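Student: sequence and predicted model, in that order:
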Amino acid sequence: MNCIEVRGARKDYDSKNHVLSGLNLTIQTGSIYSLIGASGCGKTTLLTCILGMNQLDDGTIKILGHEVSVDKPSKFPQLIGYMPQQTSLVPELTVNETLSYFGNIYQMNQVLLKQQAKFICDLLELNDVNKQVNQLSGGEKRRVSFAAALIHNPKIVILDEPTVGLDSILREKIWTFLIDSTKSSNMSVIITTHYIAEAEKSNCCGLMKNGKLIIEDSPQNIFKSLGVSNLEEAFYRLCLLKNEDADLQPSCSSIKMQQIDQIPLADDEKLKNFVNTRKSFYGPTLKALFRKEMQRIRRQPGEITFTILLPVVQVICFVFGMGGNPMGLRLGIVNYEVTDQTICSEYLHSTNYELNSTSCSFQRLSCYFLNEIQDESAIKVYYDSLEEAYRGAKAGKTFGFLTISSNFTGVINERKNDWQYITEYENFTDANLIQIHLDESDYTISLFLHIRLIKAFERFNKKVLRDCDLNDKLEDIPMEINTLYRRLEDDNIATGMPALFSQVLLLCGILFSISSISQSRIEGIWNRTILAGVTTSEILAVQLFIQLINDIFQVVVFKLLFKVLFDIKIEGNDLLLGVIYLLLCIAGSCIGLFVSLHTNNFAVVNSAGTLVFFTCGGLCGGFWPIEGQPQFMRYISAILPTTIPTAGIRNIIIKGFTITHYTVYGAILLLFGYIIIFLAVSILSLRKRKFA
Ligand SMILES: Nc1ncnc2c1ncn2[C@@H]1O[C@H](COP(=O)(O)OP(=O)(O)OP(=O)(O)O)[C@@H](O)[C@H]1O
């Protein structure tokens, strides 16, 4: 039986790029087949199609008589060993751990695994087996990758440029091993190489050009037919040939292999047994997947620190960055009533202000008013003229300025004493006693200054009324505003806190998921794991388990932070709050999973995470009311993963709402919805395309 048969293989990446154009290839069991050709001629593409990682547009590929495609990769993963062009290993694992990982996902017997690992490490001169892969040289990494392809003693070995970067002695050793293995254990090898001379050691050589094999024969037959003495020369000659001359090809299938034992691979019954030997959800395999992730996390101190610190830093920043009253705001003052401010301070220090108690008339009341604006409200910066104050505000030296008219005291006196007789109402309001110009480019600061100036005037006015023996309540508006639920001591922080919590927990889930899944897909370990026969369900199960551990950890950190930093009493059920936190984290993990499965570009993955974070942050209503959004946007906000949960968290913490309130059960249902949808779509897309 032929080990691999490729018939009429066509593959186009795009309409201009015909990589394989009706290629035929036959690899006999127990032989070494060297695939050579210029860079970019399609060797890797052919290998990935043979492995079922890439789909042919036309034609068939059979491994041991069974057709292979993306939908139906090889039935015998344990029989195949693949070494990709990129090293495709976990950089944080040691050599020993790497071989143990591969041995376990191939479900090897532990004693055999140890023996085989020792044998291969000796063969490939991998002496320091406790060194991490990321501490190895390029050549050493390739040797580890080669060892990983051979650890389970495969019967079909597919090697994409295994000898690149290795010295000639080691290359010789590898070839000797391959030749011995094909002879002694009937191993079949397909190998691509740019070292054409070493291909002379193979049983058959195929030279690819223009998407086809232009020759496929034993090196000796090629020498004979072309009248050359080495493959380099043959390769050079054939590459110069035009396409129409490419009919030189006797097939390698006519070459008689000196096989000792063909039975194990030719016997279909035994192959079936081989298929059945792989156990689904097998403990040691799952353990290997889990251990690999844990070792990776453990050896990436940056990542683990980031995972722990992310919520801590975010919450601390939030506590210090939000909710505090802005201090040190500079406000320009132009006082036309008392232009020399030293007079004001002397005056305030001496008699406070001059009051004629019989008529209740004052002097220089502007000093008195300005005295009510203390530094914690605004730091006063005095200017002599409006123009100067304007220039100061424009230059950013102040957040705005106010002018006090020269008739300030006169009008106030009038208001207090003769307000009932003022007939020229227009004149009264036009007095423009105090004109305020605020820099509205920072709305929050302008709002604060606005309120503080009004309050300063109220205080001033009340004092004046009291000094005139008038009831200072006259100044109050006849309205009392009482609050429901709000607690003064924590209202500022409590307002934005639920939004921050939902945002950060969602982000923690997304980032963790992205970092572990994208990393393994981009590094190539994902594909190698799938090729070893591990199902995507097994990988997902382990991933979700690890995510859950991370999510629970994040929630615990959050709850502790909440206690230590906020010390806010939770009115509602703490457990219910924990459930929403956990669901937020899990929803984030599922969103991260979905994103990582749909792109292998780290920049895109990170941008997607950032997009989710900022979109949800801006629209969730926790930092700015949803009521401020246009109606159509409110519909979008309502279905975002943090909007209803933010309201739910706020309602549990501050109002003590239970699961019967729509924001609480709505949050739980919404998050469950997110988890189910993103998980289902991820599973479906993995069914369609397992490989990264
Ligand atoms: N995913 C892809 N999308 C589009 N084009 C691709 C893709 N992968 C490979 N190609 C193109 O297909 C052609 C064959 O690539 P392939 O990697 O198979 O060549 P190769 O013979 O293995 O090259 P090398 O010897 O340099 O490794 C190249 O022109 C390459 O640009």
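Tutor: Arrived safely. Computed from a predicted model, the values in this text were never measured in an experiment. Residues are numbered from 1 along each chain as shown.
Student: and what about Phe457, helix, strand or coil?
Tutor: Under DSSP: H, G, I helix; E, B strand; the rest coil, Phe457 falls in the helix class.
Student: that one: neighbour count?
Tutor: Here the count is done by other CB atoms under 10 Å, and Phe457 has 16 residues near it. For the C-beta atoms, the positions are set from N, CA and C on the backbone; glycine is no exception.
Student: ok, now which ones touch it?
Tutor: Applying CB atoms under 8 Å, 6 or more residues apart in numbering, we find Phe457 in contact with 369, 372, 434.
Student: check Ile675 too.
Tutor: Going by CB under 8 Å, 6+ apart, the list of residues near Ile675 reads 583, 586-587, 590.
Student: can you check those and name whichever has the most neighbours?
Tutor: Within the contacts of Ile675, Ala587 tops the neighbour count with 29 neighbours, counted by other CB under 10 Å.
Student: tell me the pLDDT of that residue.
Tutor: At Ala587, the model reports a pLDDT of 96.
Student: give me the phi and psi for it.
Tutor: When read as degrees, to the nearest 10, the backbone of Ala587 gives phi -60, psi -40.
Student: wait, doesn't it sit right on Ile677?
Tutor: No: the criterion here is CB atoms under 8 Å, and Ala587 misses it with Ile677 at 9.6 Å.
Student: quick one: contacts for the residue of the stretch 451-600 of the chain found nearest the ligand?
Tutor: The nearest approach of the stretch 451-600 of the chain to the ligand comes at Asn600, 10.5 Å away (CB to the nearest ligand atom). Neighbouring residues of Asn600 by CB under 8 Å, 6+ apart: 518, 521-522, 692.
Student: if we go to 6 Å?
Tutor: Neighbouring residues of Asn600 by CB atoms under 6 Å, 6 or more residues apart in numbering: 521-522, 692.
Student: which among these gets closest to Val579?
Tutor: In terms of CB to CB, no member of the contacts of Asn600 lies closer to Val579 than Arg521, at 31.2 Å.
Student: how far off centre is the helix or strand harbouring that closest one?
Tutor: Per DSSP states H and E, Arg521 falls inside helix 491-523. With CA atoms, centre = their mean, to the nearest Å as the basis, helix 491-523 stands 9 Å off its chain's centre.
Student: let me see the mean pLDDT of it.
Tutor: Averaged across helix 491-523, pLDDT comes to 83.
Student: can you tell me what sits against the helix or strand that that helix is followed by?
Tutor: On the C-terminal side of helix 491-523, the closest following helix or strand by DSSP H and E is helix 525-531. If you take CB under 6 Å, 6+ apart as the criterion, helix 525-531 is touched by 82, 88, 90, 105, 520, 690-692.
Student: may I see those residues organised as JSON lines, with secondary structure added?
Tutor: Formatted as JSON lines, these follow (three-state DSSP):
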{"residue": "Tyr82", "secondary structure": "strand"}
{"residue": "Ser88", "secondary structure": "coil"}
{"residue": "Val90", "secondary structure": "coil"}
{"residue": "Ile105", "secondary structure": "helix"}
{"residue": "Ser520", "secondary structure": "helix"}
{"residue": "Lys690", "secondary structure": "coil"}
{"residue": "Phe691", "secondary structure": "coil"}
{"residue": "Ala692", "secondary structure": "coil"}
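Student: now render the residues you listed as a markdown table, adding neighbour count and distance to Thr398.
Tutor: Shown next, in a markdown table, are the contacts of helix 525-531 (neighbours: other CB atoms under 10 Å; distance: CB to CB, whole Å):
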| residue | neighbour count | distance to Thr398 |
| --- | --- | --- |
| Tyr82 | 25 | 70 |
| Ser88 | 20 | 61 |
| Val90 | 23 | 58 |
| Ile105 | 28 | 67 |
| Ser520 | 24 | 56 |
| Lys690 | 20 | 64 |
| Phe691 | 17 | 62 |
| Ala692 | 19 | 57 |
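Student: greatest separation within those: which pair is it?
Tutor: The span of those, defined through CB to CB, is set by Val90 and Lys690 at 18.9 Å.
Student: spatially nearest residue to Leu213, not counting backbone neighbours?
Tutor: The shortest distance from Leu213 to any non-neighbouring residue, by CB to CB, 6 or more residues apart in numbering, is to Gly206 (4.6 Å).
Student: wait, is the one you found part of a strand?
Tutor: Yes: counting by three-state DSSP, Gly206 is found in a strand.
Student: which residues does it bridge with?
Tutor: Using DSSP bridges, the bridge partners assigned to Gly206 are Leu35, Glu216.
Student: check contacts around it.
Tutor: By CB under 6 Å, 6+ apart, Gly206 lies in contact with 25, 35, 213, 216.
Student: swap in 8 Å and give it another go.
Tutor: 25, 33-36, 213, 215-216, 252.
Student: sorry, back to before: the helix holding Arg521 packs against which elements?
Tutor: Under the contact criterion of 3 or more CB pairs under 8 Å, 6 or more residues apart in numbering; DSSP states H and E, helix 491-523 touches helix 283-298, helix 301-321, helix 525-531, helix 536-561, helix 574-598, helix 602-619, helix 643-650.
Student: quick one: which of these has the weakest pLDDT on average?
Tutor: helix 301-321 (a mean of 78).
Student: immediately after that one, which helix or strand?
Tutor: Next in sequence after helix 301-321, counting helices and strands by DSSP H and E, comes strand 330-335.
Student: next, the angle helix 536-561 makes with the helix holding Arg521.
Tutor: Angle, helix 491-523 to helix 536-561, by axes from the mean of the first three to the mean of the last three CA atoms, to 10 degrees: 150 degrees.
Student: I'd say Thr535 and Arg278 touch.
Tutor: No: look at Thr535 against Arg278 with CB under 8 Å: they stay out of range, at 9.5 Å.
Student: around the ligand, which positions in this structure sit nearby?
Tutor: Within the chain, the positions adjacent to the ligand are 13, 17, 19, 37, 39-45, 85 by CB under 6 Å from any ligand atom.
Student: just those residues: which are in helices?
Tutor: Among the residues of the chain next to the ligand, DSSP state H puts 43-45 in helices.
Student: roughly how far apart are the residue nearest to Leu213 and the ligand?
Tutor: Here Gly206 is placed at a distance of 12 Å from the ligand (CB to the nearest ligand atom, to the nearest Å).
Student: Ile517 touches Leu540, doesn't it?
Tutor: No: in this structure, Ile517 is not within contact of Leu540 by CB under 8 Å, at 9.4 Å.
Student: and those two? Which one has more around it.
Tutor: Set side by side, Ile517 and Leu540 show more neighbours around Ile517, with 26 against 18, by other CB under 10 Å.
Student: ok, the nearest residue to the more buried one once chain neighbours are set aside - contacts?
Tutor: Nearest non-adjacent residue to Ile517, counting by CB to CB, 6+ apart: Ser596, 3.9 Å away. By CB under 8 Å, 6+ apart, Ser596 lies in contact with 513-514, 517-518, 521, 605.
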